[in-house]
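K.L.:
got a predicted structure here, sequence first:
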Amino acid sequence: MQDVRDALYIGHRSDGTLTRRPMSPHLQVYRFRLSMFLSIANRAAGVAAAAGSALGVCWLNAAAKGPESFKKVQKVTRHPLGKLALVGWTLALVYHFVAGLRHLTWDAGYRFEKKEINEDGPIAVGVTVGATVVLVATIFGLAACRSRKKAS
Amino acid sequence: MNATHTPRMDVMRSQLSRARGLGSAKTGVNHWWMERMSAVALVPLSGWFVLQVMRLAGSSQEDVVEWGGKPANSSMLLALMVLTFYHMQLGLQVIIDDYVHGKPHLPASLLMKGVTFLIGLFAVIAVLKLALAPSRKASA
């Protein structure tokens, strides 16, 4: 052991014998692949979906509290920035859902070959974008129709 | 001791107890498994939630109260909230395990658990308030 930092690389196998654990090359060493982006995007989407859910709970609480609180929340959801946040939340939820289904498929032992993963990646992106656009268009469309009906 | 002695960590545990103890965390694959199980449960619940959002988009507070007062809706919503925040807590724990090392790991984990628990509790209370509020139809 030449360097004291090597101590951090000592691990032991399940039979108790010592071994030097491997070190991963730094991220910059690798060529960019879609699968690496989709992997970290799933984690980021999970965090974004969590943050959005916290805001969703605020909406639920406002509905339980009364009409005045609900109007305050509607001010936020009808503001362009609020709408942008809702679109972002939808995108994060949809992607986390799609990537989660892929993870469950892998866990069940399917589509886990390198070739299959590289085939499915672009499909996951397509499904995510498509489903997000359809959901956002439908939900905002329905909301606009309903509030127009009430106004007239 | 023979000459070809390999370095060895002496652990005061039998091989059987090692296998049974499921590693240093004592919980084995429980965390991983519960993450998958809550994910599986959230698939149909999320589908239901999307349909409900379409139903409620642009609704007034009275509509939401009426919707939340129906036992079928509040049961599904309650299940969705509990599983969402449970799954969230499990997922965020993995992120903390990956990126926060050393002493800050425990306080970071506790803070995350406390915050997700409280927001989840907040959601549950809101759903219960909607569910148990006196029906407007009965009072009118």
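P.N.:
Yep, it's here. Nothing here was measured: the structure is a model prediction, and the numbers come from that model.
K.L.:
could you use CA atoms for every contact and neighbour count after this?
P.N.:
Noted.
K.L.:
pretty sure A:Gly11 is in a strand, no?
P.N.:
Yes: counting by DSSP: H, G, I helix; E, B strand; the rest coil, A:Gly11 is part of a strand.
K.L.:
just give the number of residues close to residue 29.
P.N.:
Defaulting to chain A. 8 (other Cα atoms under 10 Å in any protein chain shown).
K.L.:
looking at chain B here, not the other one
P.N.:
Counted with other Cα under 10 Å, B:Val29 comes out at 12.
K.L.:
what distance do you get for it to B:Gln93?
P.N.:
In this view, B:Val29 and B:Gln93 are 14 Å apart by Cα to Cα, to the nearest Å.
K.L.:
quick one: the helices in the chain?
P.N.:
Defaulting to chain A. Here chain A has its helices, by DSSP state H, at A:34-65, A:67-78, A:80-107, A:114-151.
K.L.:
um, chain B though
P.N.:
With DSSP H as the criterion, chain B has helices spanning B:15-20, B:30-56, B:61-68, B:71-99, B:105-132, B:136-139.
K.L.:
in JSON lines: these, plus mean pLDDT.
P.N.:
Output for the helices of chain B, formatted as JSON lines (pLDDT from 0 to 100):
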{"stretch": "helix B:15-20", "mean pLDDT": "67"}
{"stretch": "helix B:30-56", "mean pLDDT": "95"}
{"stretch": "helix B:61-68", "mean pLDDT": "93"}
{"stretch": "helix B:71-99", "mean pLDDT": "96"}
{"stretch": "helix B:105-132", "mean pLDDT": "96"}
{"stretch": "helix B:136-139", "mean pLDDT": "55"}
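K.L.:
could these go into CSV alongside mean neighbour count and distance to chain A?
P.N.:
Shown next, in CSV, are the helices of chain B (neighbours: other Cα atoms under 10 Å in any protein chain shown; distance: least, Cα to the nearest Cα, whole Å):
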stretch, mean neighbour count, distance to chain A
helix B:15-20, 12, 8
helix B:30-56, 15, 5
helix B:61-68, 19, 6
helix B:71-99, 18, 6
helix B:105-132, 18, 5
helix B:136-139, 8, 13
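K.L.:
out of the ones you listed, which comes closest to A:Leu104?
P.N.:
helix B:30-56 (7.2 Å; Cα to Cα).
K.L.:
that closest one - contacts with which helices or strands?
P.N.:
helix A:80-107, helix A:114-151, helix B:71-99 (3 or more Cα pairs under 8 Å, 6 or more residues apart in numbering or on different chains; DSSP states H and E).
K.L.:
rerun at 7 Å
P.N.:
helix B:71-99 (3 or more Cα pairs under 7 Å, 6 or more residues apart in numbering or on different chains; DSSP states H and E).
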